[in-house]
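Visitor: Got a predicted model here, sequence first, then my questions.
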Amino acid sequence: MTTEVLDLESALERYDPVLGLEVHVELNTASKMFCGCPTAFGADPNTQVCPVCLGLPGSLPVLNARAVESAIRIGLALNCEIAEWCRFARKNYFYPDMPKNYQISQYDEPIAFNGWTEVAVDGKSYRIEIERAHMEEDTGKSLHVGGATGRIHGASHSLVDYNRAGIPLIEIVTKPIEVPGDKAAAVAKAYVGMLRDLLRALGVSDVRMEQGSLRCDANVSLKLRGATEFGTRTETKNVNSLRSVERAVTYEIQRQGAVLDAGGRVTQETRHWHEDTGITTPGRSKEQAEDYRYFPEPDLLPLAPSREWVDQLRGTLPEPPPARRIRLQAEWGFTDLEMRDVVNAGAQDLLEQTVALGTSAAAAKKWWLGELARAANDSGSDLNDLGVGPEQVAAVQRLVDDGSLNDKLARQVFDGLVKGEGTPAQIVEARGLALVSDDGALRAAVDRAIEANPEVVEKVRSGKAAAAGALIGAVMKEMRGQADAAKVRELVEAKLSS
Amino acid sequence: MSSITRDEVAHLARLARIELTDTELDHLAPQLDLIIGWVAQVSDVAAADIPPTSHSLPLTNVMRPDENVECLTPEQALAGAPAAEQQRFRVPRILTEEA
Amino acid sequence: MSDLTRKTAAELSDLMTSGQASSVEITQAHLDRIAAVDDAVHAFLYVDTEGALEQARSVDERRAAGEELGPLAGVPLALKDVLTQQDVPTTAGSRILEGWRPPYDATTVARLKAAGVVILGKTNMDEFAMGSSTENSAYGPTHNPWDLDKIPGGSGGGSAAAVAAYEAPLAIGTDTGGSIRQPGAVTGTVGVKPTYGGTSRYGLIALASSLDTPGPCARTTLDAALLHEAIAGHDPMDSTSIDQAVPPVVAAARRASVEGTRIGVVKEMGGEGYQPGVEARFHEAVELLTKLGAEVTEVSCPHFQYGLPAYYLILPSEASSNLAKFDAMRFGLRVGDDGELSAEEVMARTREAGFGAEVKRRIMLGTYALSSGYYDAYYGQAQKVRTLIQRDFARAYEQVDVLVSPSTPTTAFRIGERVDDPIAMYMNDLCTIPSNLAGNAAGSFPAGLADEDGLPVGFHVMAPVMRDDLVYQVGAALEAALAEQWGGVLMTKAAELEVSR
């Protein structure tokens, strides 16, 4: 059964989308939120656990000071107020990946609240209000065994690894986002992208969406154009990339639009985004809404960050994104349009890092927004997840600058990089992409081209200089593009004028 | 406060993941009702202007440095497990989706 | 050899340092005593014969090698089965943990081991420390050595009974609403609840996180003080642990004086509901302290009476959450895993089978009190009563140094007498609970025997937060004065237990 969706234009004509984005950030602390277990990703199962994060009887949590520091810095970077006094709370529910069957989180007393940030989409700035940022701990991970898809449906049992139980998380929640409907999805994507860049600049997280260190849940509801009351919202999970954020939000707008148009009501539920099929599906509907029975965590003491400490941390913040954007644009000499393209592609950080390695801004932009953006689009991934880094881009450009490669060959090197064939030097070697720099070989090729095309030679000698292009083309063809076109032209012209 | 019904007790049992028998449900409802009626007297004195106390100690900001300490070995971690497989805790099939 | 079991910990330590007895001899004597009487008393759930003798041997070797050892090195002790001891069965009196061997030591246990104390085994208790009679143990009740038909108190009845039956000179209990002090009172022994946070909760299987406090049980005040100093102090593994010097309780116990001490008798803790014999011994004790130089006044603490209902809201709420981890997934009992039933069903069946009636009752109560719509009416209100009780204490301590009351309203009742009446059972904790809610230090000291039934009565001393020394000072003064009258501490008046061999 395929779900009905309305075309986007119609949906946006009749309804205004309201979004709420909840982003979970895994902190890059050395130890877990409440115990000293290591946090390195990818360890063997159950090798990074202790009585505390296993939830064994008698264990007690002790708060990680660096996690608090990161939480405060994140709050400050989002222009939040930092609580003068706040507590942790227990969120009680049963699930096999939750060792204590309650999660230590913060309920009505978050560490940071009432903030804001700005994102730019198509050259326009949108202000996003931040409701809160709070601290909590992550759960273990389950492998569902026996079903066809590796998901819960049809599984016969599950295997649980508690290495990730207790990893520090910061949850950042926006206030309802109401922007023009046709911009909603793009703003959502831009917000998550901006957040990712911000968190990376703060140095508090690896922010790798594909590794789960940055997770986004998208809440979407529609209200009738002109109405004040919000519609029923759905929460969509499994949104694992910036691209997915945009696509999932768009899909939900279309799906909910169809439901409402048909006179139905949107079900308040959690939905699951499927990147491959481009749809959301409902999660198991729960019989009753969960009652989390929140109460202040008695095993932890209140947190009262002194104003001195908060001010000291404020001094460690990186440049705010809007100011940074303006500065970089000026440094790079880009037009507003060019800068907008960079930001839209989520490539600001990548360009900055590439320029820092000695590449010109123009060249960096050419590759990131050209060849690499194309590759990302083709594989449906983000620029950041291509597996190609600023060092490699800089290396390729260096080869172009020193004459070892031309643009066309450089593009082939990028193809190799995306395919994971090795370093630029290795790819050049393996694919035989080096520009022929041997003058003798080039001259020989030029001679052959001239001999093979007497009519063209005639034309050139009779004054039609442009006709030389065909000779240059012939040489380039023979050299399989591995020659510097300008040099070939030089040699051709020299030969013909002699 | 209102009396607690057998259905409410059944609901609480679901929340607390305890499969109470019918006999237990029959007995618990009036017992809980009695106790709740008795404990409700806290409202007699707990005026709105009294701040609640969650800790008897006026401590704040208890934290530890971000350092690693020795973990359990996987053998120790799994030693008490009712079932284990591939160095993981084996649990019966889970019905509900992750929250 | 058998008279080794009649010695105090302090005396045993002297015997060892003077070379008159070894820890192995002392430990063996106590193991023999356990074998002789525990069929009748049932204080122990597990006796760690091998482990204890090994610990004893190790202490003897270290002493022989000339090592400086602490005052309790080589002395045997009984450990309430609510504290984790690595690789030793730890059940918390419940079926749901039957056979579980923790992979780690509680901090209290680690400190005992570091002090060279010999842990004989784990003692019986009300399941998950919920109860005042040890009748809620899944493994059968413990019997009061003064009268085997009577309860030994709870939840730490096993620890108190072990000490009262001379199975160990020392025991560790935990006190959430009176679980050290009330058993101490009804068994004629000393039981002290340190200031909350004064002893570590790391490794203590949690009941009510904001109330639980490990503490010492002994036959004399000095022994209790020695044990207190061995286990108390800041623990970085417990966020609620106090980072201050341990109050000088041993010195206070030795000082044993009430000269000039201002003592407040809590007006509301007496009268109706209190057994005449209990009140008689209490008032005599107060008179005795007056003769010894104390200034006694009556103090009113009008909100103390709300302590009991507030406690029975706070405790079940915290406990309902603390006990959620017992879900058959990572450790403990698992029922119903037939390959068909879901994890949710296995959890529910296991908890049904593994938890006893009182535990289920309190989990239901706590779940209710925390449910949406009810938090403000119940848990929220109860936390306010806590504030009121703290204020009562603060006001009182402006006028007096310590507050006193009977430890319990009655002496030990018969096993089975109150099991069907939860609220009657809860009344046992009337006098002890306010100190838990405020976090104060408090202790119970033998005051004599009630005329009606010849059973022990406890005298309850309460002191401000971190003034545990005042508790021991007053308790020791009373003990010394009464010992003069009796020719020894109260325990010496107990009849001999029938030995099963």
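Guide: Sure thing, it's come through.
Visitor: in what helix or strand does residue C:109 lie?
Guide: Counting by DSSP states H and E, the element that carries residue C:109 is helix C:107-114.
Visitor: hmm, that helix touching chain B?
Guide: No: for a cut-off given as Cβ under 8 Å from any Cβ of the partner chain, helix C:107-114 has no contacts with chain B; the smallest distance is 14.1 Å. For the C-beta atoms, the positions are set from N, CA and C on the backbone; glycine is no exception.
Visitor: does chain A sit close to that helix?
Guide: No: under the criterion of Cβ under 8 Å from any Cβ, chain A is not reached by helix C:107-114; the shortest gap measures 9.5 Å.
Visitor: buried stuff in that helix?
Guide: Across helix C:107-114, burial judged by 16 or more other Cβ atoms under 10 Å in any protein chain shown covers C:107-113.
Visitor: Then stretch A:120-127?
Guide: Neighbour-count burial for stretch A:120-127, with 16+ other Cβ under 10 Å as criterion, is recorded at A:120-121, A:126.
Visitor: Identify those among those that sit within strands.
Guide: Among those, the ones falling in strands (DSSP state E) are A:120-121, A:126.
Visitor: where's the dip in pLDDT among those residues?
Guide: pLDDT is lowest at residue A:120 among these; the value there is 86.
Visitor: Check the spacing between it and residue A:199 real quick.
Guide: 18 Å (Cβ to Cβ, to the nearest Å).
Visitor: cool, and residue C:19?
Guide: From residue C:19 over to residue A:199 the distance is 67 Å, taken as Cβ to Cβ.
Visitor: out of the two, which sits in the busier spot?
Guide: The residue with more neighbours, out of residue C:19 and residue A:199 and counting by other Cβ atoms under 10 Å in any protein chain shown, is residue A:199; that gives 26 against 9.
Visitor: so what strands line up beside the strand ranked longest in chain B?
Guide: In chain B, with assignment by DSSP E, the single longest strand is strand B:88-92. Applying DSSP bridges, strand B:88-92 is found paired with strand A:157-161 (antiparallel), strand B:84-85 (antiparallel).
Visitor: which of the buried residues of stretch A:120-127 come close to chain C?
Guide: The subset of the buried residues of stretch A:120-127 within reach of chain C, counting by Cβ under 8 Å from any Cβ, is empty.
Visitor: Same list (the strands paired with strand B:88-92) but as JSON lines, adding mean neighbour count.
Guide: Compiled in JSON lines, the strands paired with strand B:88-92 are given as follows (neighbours: other Cβ atoms under 10 Å in any protein chain shown):
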{"stretch": "strand A:157-161", "mean neighbour count": "23"}
{"stretch": "strand B:84-85", "mean neighbour count": "17"}
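Visitor: Distance to residue C:297 and mean pLDDT for those strands - can I get that in JSON lines?
Guide: Supplementary listing: the strands paired with strand B:88-92 in JSON lines, determined by distance: least, Cβ to Cβ, whole Å; pLDDT from 0 to 100:
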{"stretch": "strand A:157-161", "distance to residue C:297": "60", "mean pLDDT": "96"}
{"stretch": "strand B:84-85", "distance to residue C:297": "63", "mean pLDDT": "96"}
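Visitor: lowest average confidence, helix or strand, in the chain?
Guide: All of this refers to chain A. Lowest mean confidence among the helices and strands of chain A (mean pLDDT, DSSP states H and E): helix A:485-497, at a mean of 85.
Visitor: other chain: chain B
Guide: Confidence across the helices and strands of chain B bottoms out at helix B:42-45, with a mean of 89, counting by mean pLDDT, DSSP H and E.
Visitor: is chain A contacted by that helix?
Guide: No: Helix B:42-45 stays clear of chain A (Cβ under 8 Å from any Cβ), getting no nearer than 15.4 Å.
Visitor: Distance from that helix to the middle of the chain?
Guide: Mean-position distance between helix B:42-45 and its chain equals 25 Å (Cα atoms, centre = their mean, to the nearest Å).
Visitor: mean confidence score for the helix or strand just after it?
Guide: Next helix or strand after helix B:42-45 toward the C-terminus (DSSP H and E): strand B:63-64. When pLDDT is averaged along strand B:63-64, the result is 98.
Visitor: which helices and strands does strand B:63-64 pack with?
Guide: Strand B:63-64 sits against strand A:63-64, helix A:65-77, with contacts defined as 3 or more Cβ pairs under 8 Å, 6 or more residues apart in numbering or on different chains; DSSP states H and E.
Visitor: Just the residues contacting that strand, thanks.
Guide: Here strand B:63-64 makes contact (Cβ atoms under 8 Å, 6 or more residues apart in numbering or on different chains) with A:36, A:62-65, A:68, C:236.
Visitor: Now do the contacts for residue C:463.
Guide: For residue C:463, the contacting residues are C:401-403, C:440-442, C:469-471, taking Cβ under 8 Å, 6+ apart as the criterion.
Visitor: For it, which non-adjacent residue is spatially closest?
Guide: On the basis of Cβ to Cβ, 6 or more residues apart in numbering or on different chains, the spatially nearest residue to residue C:463 that is not a chain neighbour turns out to be residue C:470, at 3.9 Å.
Visitor: So for the residue of the stretch 51-200 of chain A found nearest chain C, what's the pLDDT?
Guide: Sorted by distance to chain C under Cβ to the nearest Cβ, the residues of the stretch 51-200 of chain A start with residue A:101, at 3.6 Å. Reading off the confidence values, residue A:101 has pLDDT 98.
Visitor: how many other residues sit next to it?
Guide: A count of nearby residues for residue A:101, using other Cβ under 10 Å, gives 23.
Visitor: That one contacts residue A:93, doesn't it?
Guide: Yes: under the criterion of Cβ atoms under 8 Å, residue A:101 makes contact with residue A:93 at 6.9 Å.
Visitor: just to revisit the earlier point, including distance to residue C:164 and pLDDT, could the buried residues of helix C:107-114 go into TSV?
Guide: As requested, these are exported to TSV (distance: Cβ to Cβ, whole Å; pLDDT from 0 to 100):
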residue	distance to residue C:164	pLDDT
C:107	27	98
C:108	21	98
C:109	22	98
C:110	27	98
C:111	24	98
C:112	20	98
C:113	25	98
